[in-house]
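**Student:** coordinates only, sequence not included:
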């Protein structure tokens with residue numbers, strides 16, 4: 001049975017439609033079918049390079065507006081190829097039918113086999129994986145920083161494998177990797193961490209906190225009036241925490257020595273958080289369990305309340 005791509009291009013709508021379908025499946029393949037082999041190979045190469053660039057950058061770039069804009073531009077270029085190539089293939093076949101038979105290495109099916117093999121190899125070696133992921137906050141352990149129901153964007157690039165003081169990290173629970181937690185890093189490898197009378201000590205130094213008024217919890221159990229403080233960590237980063245009292249079960253702890261390649265994490269809602277203070281439940285977080293650093297809030301119940309007031 002002869003290769004259909006070796007047959008003359010007649011310029012009929014049937015042939016033109018087939019060329020459009022080929023370019024819709026693989027931009028440039030319809031051009032090869034229409035006997036514009038060089039243009040077809042250029043388009044196939046461009047769409048392949050755009051795919052490789054998207055894969056590489058989506059893994060390396062952090063989730064900031066510049067990275068998002070660049071990836072959207074790449075996506076727009078890919079969509080433009082998928083939109084324009086079929087139209088060009090149809091017009092090329094209708095206006096310039098070619099009775100000549102192509103040489104075997106310029107045939108549609110040989111070209112398709114080559115570029116399909118290249119793309120399968122790329123997909124196998126470097127599957128598409130964005131440098132960020134989204135997570136939803138299920139409980140109030142991170143109040144007042146994050147609310148129950150907040151959807152956050154998490155930076156999962158390699159630069160955040162070992163976080164810094166104050167980073168909010170998403171991690172797999174060491175004793176049950178099927179569970180995903182989010183807490184704040186307060187202790188790094190080699191640090192000595194302890195809670196005394198409700199206050200945080202790192203390497204025998206108390207982490208200063210300043211009163212910031214009252215806070216009423218919402219959305220995670222009964223409403224409670226808590227005290228809000230601004231706590232400062234060894235690197236100078238500050239964040240809000242909540243306290244109900246300074247004499248709770250986890251307000252006076254043993255001295256924790258953070259192992260190598262691990263971090264110590266606490267919830268900002270200190271009296272309502274499962275964190276590293278609970279060695280049997282959470283404990284130290286190995287760097288291999290860190291998924292990424294919380295970057296920004298994509299959606300929040302706060303936004304929903306604001307929009308409802310506007311309506």
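**Tutor:** Perfect, thanks for sending it. Because the structure is predicted, anything quoted here is derived from the model rather than measured.
**Student:** walk me through the domains of this structure.
**Tutor:** The chain breaks down into these domains under automatic domain parsing: 4-125, 132-310.
**Student:** got a list of contacts for stretch 80-96?
**Tutor:** Contacts to stretch 80-96, defined as CB atoms under 8 Å, 6 or more residues apart in numbering, come from residues 9, 11, 13, 15-17, 19-24, 27-28, 30-31, 33-36, 43, 46-47, 50. The way it works is simple: take the backbone N, C-alpha and C, and place the C-beta from them, glycine included.
**Student:** any chance of a PyMOL selection covering the buried ones in these?
**Tutor:** Selection of the buried residues among these in PyMOL, burial being defined by 16 or more other CB atoms under 10 Å:
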select buried, resi 9+11+15+16+19+20+22+23+24+27+28+30+31+33+34+35+36+43+46+47+50
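**Student:** low pLDDT regions in this protein?
**Tutor:** 1-8, 59, 62-64, 125-131, 158-161, 218-221, 302-311 (pLDDT under 70).
**Student:** flag every buried residue along the helix ranked longest in it.
**Tutor:** For the chain, the longest helix by residue count, based on DSSP state H, is helix 65-95. Going by neighbour count (16+ other CB under 10 Å), the buried part of helix 65-95 is 67, 70-71, 74, 78, 81, 85-86, 88-90, 92-94.
**Student:** again with stretch 262-273
**Tutor:** 262-273.
**Student:** measure that stretch end to end?
**Tutor:** Stretch 262-273 has its terminal residues 19 Å apart, counting by CA to CA, to the nearest Å.
**Student:** ok now it, how far from the chain's centre?
**Tutor:** Distance of stretch 262-273 from its chain centroid, counting by CA atoms, centre = their mean, to the nearest Å, is 23 Å.
**Student:** cool, stretch 54-71 as well?
**Tutor:** Distance of stretch 54-71 from the chain centroid (CA atoms, centre = their mean) equals 10 Å.
**Student:** tell me which other helices or strands the helix or strand hosting residue 38 touches.
**Tutor:** Using DSSP states H and E, residue 38 falls within helix 37-60. In this structure, helix 37-60 packs against helix 29-33, helix 65-95, helix 108-125, with contacts taken as 3 or more CB pairs under 8 Å, 6 or more residues apart in numbering; DSSP states H and E.
**Student:** which strands border the helix or strand just after the last one, and is each parallel or antiparallel?
**Tutor:** Read that as helix 108-125. Moving toward the C-terminus from helix 108-125, the next helix or strand (DSSP H and E) is strand 132-136. Here strand 132-136 is paired, per DSSP bridges, with strand 151-155 (antiparallel).
**Student:** what's the partner strand in contact with?
**Tutor:** Contacting residues not belonging to strand 151-155 are listed as 62-63, 131-137, 146, 170, 182, 291-300 [CB under 8 Å, 6+ apart].
**Student:** now that strand: buried residues?
**Tutor:** Under 16+ other CB under 10 Å, the buried positions of strand 151-155 are 152-155.
**Student:** next one: phi and psi at the residue sitting furthest away from the middle of the chain?
**Tutor:** Relative to the C-alpha centroid of the chain, counting by CA atoms, centre = their mean, residue 99 is the outermost residue, at 50.6 Å. When read as degrees, to the nearest 10, the backbone of residue 99 gives phi -80, psi -10.
**Student:** that one and residue 11, how far apart?
**Tutor:** As judged by CB to CB, to the nearest Å, residue 99 and residue 11 stand 10 Å apart.
**Student:** residue 181 touches residue 173, doesn't it?
**Tutor:** Yes - Residue 181 is within contact range of residue 173, at 5.6 Å (criterion: CB atoms under 8 Å).
**Student:** give me the nearest residue to residue 232, chain neighbours excluded.
**Tutor:** Using CB to CB, 6 or more residues apart in numbering and skipping residues adjacent in sequence, the residue nearest residue 232 is residue 238, 4.8 Å away.
**Student:** wait, isn't that neighbour in contact with residue 212?
**Tutor:** No - using CB under 8 Å, residue 238 is not in contact with residue 212, being 10.3 Å away.
**Student:** overlap in contacts of the two?
**Tutor:** Common neighbours of residue 238 and residue 212 (CB under 8 Å, 6+ apart) are residue 230.
**Student:** burial measure for residue 170, as a count.
**Tutor:** With neighbours defined by other CB atoms under 10 Å, the count for residue 170 comes to 21.
**Student:** isn't there a helix covering it?
**Tutor:** No - counting by DSSP: H, G, I helix; E, B strand; the rest coil, residue 170 is not part of a helix but strand.
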